[in-house]
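Need the 3D shape of this:
(one chain, ligands or ions: 1)
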Amino acid sequence: MEKTGILEREYPDSSKKCPECYAYVSADAKVCPSCKNRIGKRTAYGMADTPINWKAYIVCALAWLTLIVYVKWAFF
Ligand SMILES: [Zn+2]
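Numbers count the residues shown, from 1 in each chain. Next comes the predicted model:
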């Protein structure tokens with residue numbers, strides 16, 4: 001019986017796709033060699049997960065906190 005193997009060739013277990021530049025990278029790569037972005041684990045669709053950007057998260061939270069404190073200080 002002939003094996004088509006189209007899906008295996010399209011989404012091989014040993015590679016994943018970078019969510020930033022869509023380049024195929026090794027499944028255990030933590031940084032994309034093409035665009036140097038941090039990438040996470042391989043998902044079910046053969047894409048790499050985007051890790052949470054904690055730095056941007058904290059900066060955003062601090063900006064909101066500063067705004068709230070400023071508004072309270074300025075108007076109350
Ligand atoms: Zn990339």
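
what's near enough to touch the residue nearest to I39 when sequence neighbours are not counted?
In space, and not counting its chain neighbours, I39 is closest to A48: 3.9 Å by Cβ to Cβ, 6 or more residues apart in numbering. To be clear about C-beta, it is placed using only N, CA and C from the backbone, and glycine gets the same treatment. Contact analysis of A48 by Cβ atoms under 8 Å, 6 or more residues apart in numbering lists K16, K17, C18, P19, V25, A29, C32, I39, G40, K41, R42.

residue closest to the middle of this structure?
For the chain, T50 is the residue whose C-alpha lies nearest the centre (Cα atoms, centre = their mean; 1.1 Å).

how far away is that one from the ion?
Distance, T50 to the ion, by Cβ to the ion, to the nearest Å: 11 Å.

Correct me if wrong: that residue contacts G40.
Yes: using Cβ atoms under 8 Å, T50 is in contact with G40, at 6.3 Å.

Which residues of this protein lie near the ion?
Contacts of the chain with the ion, taken as Cβ under 5 Å from the ion, map to C18, E20, C21, C32, S34, C35.

how far away is W73 from L67?
11 Å (Cβ to Cβ, to the nearest Å).

for the longest helix along the chain, the distance to its chain's centre please.
Ranked by residue count under DSSP state H, the longest helix found in the chain is helix 54-75. A distance of 25 Å separates the centroid of the chain from that of helix 54-75, by Cα atoms, centre = their mean, to the nearest Å.

Packing partners of that helix?
Helices and strands touching helix 54-75, as assessed by 3 or more Cβ pairs under 8 Å, 6 or more residues apart in numbering; DSSP states H and E, are absent.

Please export the C-alpha coordinates of it as PDB.
Extracted in PDB, the C-alpha atoms of helix 54-75 (Å, rounded to 0.1, in the frame of the first residue of the first chain):
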ATOM      1  CA  TRP A  54       6.600  39.800  30.700                       C
ATOM      2  CA  LYS A  55       8.700  42.900  30.200                       C
ATOM      3  CA  ALA A  56       6.000  44.600  28.100                       C
ATOM      4  CA  TYR A  57       3.300  43.300  30.500                       C
ATOM      5  CA  ILE A  58       5.000  44.800  33.500                       C
ATOM      6  CA  VAL A  59       5.700  48.100  31.700                       C
ATOM      7  CA  CYS A  60       2.000  48.300  30.700                       C
ATOM      8  CA  ALA A  61       0.800  47.600  34.200                       C
ATOM      9  CA  LEU A  62       3.200  50.200  35.700                       C
ATOM     10  CA  ALA A  63       2.000  52.800  33.100                       C
ATOM     11  CA  TRP A  64      -1.700  52.100  34.200                       C
ATOM     12  CA  LEU A  65      -0.700  52.300  37.900                       C
ATOM     13  CA  THR A  66       1.100  55.600  37.400                       C
ATOM     14  CA  LEU A  67      -1.900  57.000  35.500                       C
ATOM     15  CA  ILE A  68      -4.400  55.900  38.300                       C
ATOM     16  CA  VAL A  69      -2.100  57.400  41.000                       C
ATOM     17  CA  TYR A  70      -1.700  60.600  39.000                       C
ATOM     18  CA  VAL A  71      -5.500  61.000  38.400                       C
ATOM     19  CA  LYS A  72      -6.200  60.400  42.100                       C
ATOM     20  CA  TRP A  73      -3.500  62.800  43.200                       C
ATOM     21  CA  ALA A  74      -4.500  65.500  40.700                       C
ATOM     22  CA  PHE A  75      -8.300  65.500  41.000                       C
END
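
Before I go, just wanted to say thanks for your time.
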